[in-house]
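Visitor: the amino acid sequence is not available; the structure is as follows:
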Ligand code: P5A
């Protein structure tokens, strides 16, 4: 991509309305544009990153055998009346009437709709478990939308749903998602801790929030520092290993505000290991048994001829919120340097040539390198504007490709000035640069 042809509307300074660094950076480099309170358009740079995050989330769901579907954003009120949540959900639900005066709503979540889909087709225990997910926009009329896309009204969520024959099988499904979430966040280069959580309007009595640490997070958390040492790398997707993994986490005190108990915290965690800080909720999983299947009549035939309501759970990842959460975790706002993890970077490398009106050599060299990188499947952006070198570097530090090649006045020889964004530069040949980037990409 040539910067002059791109749609990346960069601002000179931080917009004053943005209070946290993710919101500042996203507006500054034109990743999003607000269209009304809590509702945003996603511009090319932001959209590219969100799509890459979505793809990682999708791959990790597919790996544990969840099947992708796509449900609509607009739902009928009927199914919500069946479950009893139409009134309970309150003002956060955006209610609409169609031309026939039918009550519709913009889905804030999909437990009812997916239960309706399930009950229409699945009749026997032999078809269980069923694990379904979709990645779709949601709408919640939040009282106080804030921090840009972190708490907005329209947001992009991955929501999955499990249907099982018994509590035991349902816990197995729950634990599969538990592991899958740890793997997903790790691929995004985030350390997410699973914490016992309240279930709110979704319901049930087993629930974990996945929280990443950030000073600007909205959740206050109390945890044992030792929890960061739990390793999930070799966990197999089988009942026993998954149970062991969840227990390993649950053995450590780790809760959000709503579940905090001072005495318990102090009894369970030694003084040196106590961590009280803030975090961002990037995922949330729930087990609620027959809360929806019973009132909605989603039952299956059991082996002995009896029928029973299926046991359900639901599992959410805030895909659009993750864009902001990753910025909160990675952006150095003092130095104004963003380095996206290569797995989701909008560009893997930026070429920054110093363009001199009377001498085309730097631009020619930049073009040559650009074409070589593209041939090697390395996503590259080249700053072909005629601004000075230092303002170009500033801009590229904000866009956040994890690697940079700087081509100064004397564009001679085959050694390039190569940088990991925000670090000191090194002199390397183009082949070496390509090798380094390919190696980094292969790690994912
Ligand atoms: C789980 C999937 C649910 O809705 N039903 C289907 C369950 N859970 S949740 O915790 O309410 O939401 C899941 C994740 O969505 C993100 N999220 C938001 N992101 C941006 N703005 C919002 N207003 C917002 N509300 C929720 C969070 O990451 C949350 O973990």
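Guide: Good, I have the coordinates. None of the values given here were measured: they were computed from a predicted structure.

Visitor: going forward, measure contacts between C-alpha atoms and count neighbours the same way
Guide: Noted.

Visitor: so which residues on the stretch 101-250 of the chain come close to the ligand?
Guide: Proximity of the stretch 101-250 of the chain to the ligand, by CA under 6 Å from any ligand atom, involves residues 109, 110, 149, 150, 151, 152, 153, 155, 157, 159, 160.

Visitor: now, these that are in strands?
Guide: With DSSP state E as the criterion, strands contain 155, 157, 159, 160 from among these.

Visitor: neighbours of the first one, how many?
Guide: A count of neighbours around residue 155, defined by other CA atoms under 10 Å, yields 21.

Visitor: what's the answer for the second one, then?
Guide: When counting by other CA under 10 Å, one arrives at 22 neighbours for residue 157.

Visitor: over to the third one?
Guide: Residue 159 has 22 neighbouring residues, counting by other CA under 10 Å.

Visitor: is it true that it touches residue 286?
Guide: No. Using CA atoms under 8 Å, residue 159 makes no contact with residue 286, being 11.1 Å away.

Visitor: and the helices in this protein?
Guide: Using DSSP state H, the helices assigned to the chain run over residues 21-28, 44-63, 77-83, 85-88, 111-121, 167-187, 239-250, 262-268, 319-330, 361-375, 389-399, 430-442.

Visitor: buried set for the shortest one?
Guide: Judged by neighbour count using 16 or more other CA atoms under 10 Å, the buried positions of helix 85-88 are 85, 86.

Visitor: before we move on, what about the second one?
Guide: Within helix 44-63, the residues scored as buried using 16+ other CA under 10 Å are 44-54, 56-58, 60-61.

Visitor: quick one: it near the ligand?
Guide: No. Shown here: helix 44-63 not in contact with the ligand (CA under 6 Å from any ligand atom), separated by at least 12.6 Å.

Visitor: ok, now how distant is residue 182 from residue 212?
Guide: Per CA to CA, to the nearest Å, residue 182 is found 11 Å from residue 212.

Visitor: the two - which one has more neighbours?
Guide: Neighbours were tallied for residue 182 and for residue 212 using other CA under 10 Å; the higher tally belongs to residue 212 (23 against 20).

Visitor: confidence score at the spatially closest residue to the more buried one that is not a sequence neighbour?
Guide: Sequence neighbours aside, residue 192 is the residue nearest to residue 212 in space, at 4.6 Å (criterion: CA to CA, 6 or more residues apart in numbering). We have a pLDDT of 93 for residue 192.

Visitor: tell me the contacts of the residue nearest to residue 325 when sequence neighbours are not counted?
Guide: Residue nearest to residue 325 in three dimensions, not counting chain neighbours: residue 280, with 6.8 Å by CA to CA, 6+ apart. For residue 280, the contact set (CA atoms under 8 Å, 6 or more residues apart in numbering) comprises 211, 212, 213, 214, 216, 217, 218, 219, 325.

Visitor: from the ones in strands among the residues of the stretch 101-250 of the chain next to the ligand, pick the one nearest the ligand.
Guide: Each of these was checked against the ligand using CA to the nearest ligand atom; the closest is residue 159, at 4.2 Å.

Visitor: save the helices of the chain as CSV, and put in mean pLDDT too.
Guide: What follows is the helices of the chain, written out as CSV (pLDDT from 0 to 100):
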stretch, mean pLDDT
helix 21-28, 96
helix 44-63, 98
helix 77-83, 97
helix 85-88, 92
helix 111-121, 98
helix 167-187, 97
helix 239-250, 95
helix 262-268, 95
helix 319-330, 97
helix 361-375, 93
helix 389-399, 95
helix 430-442, 95
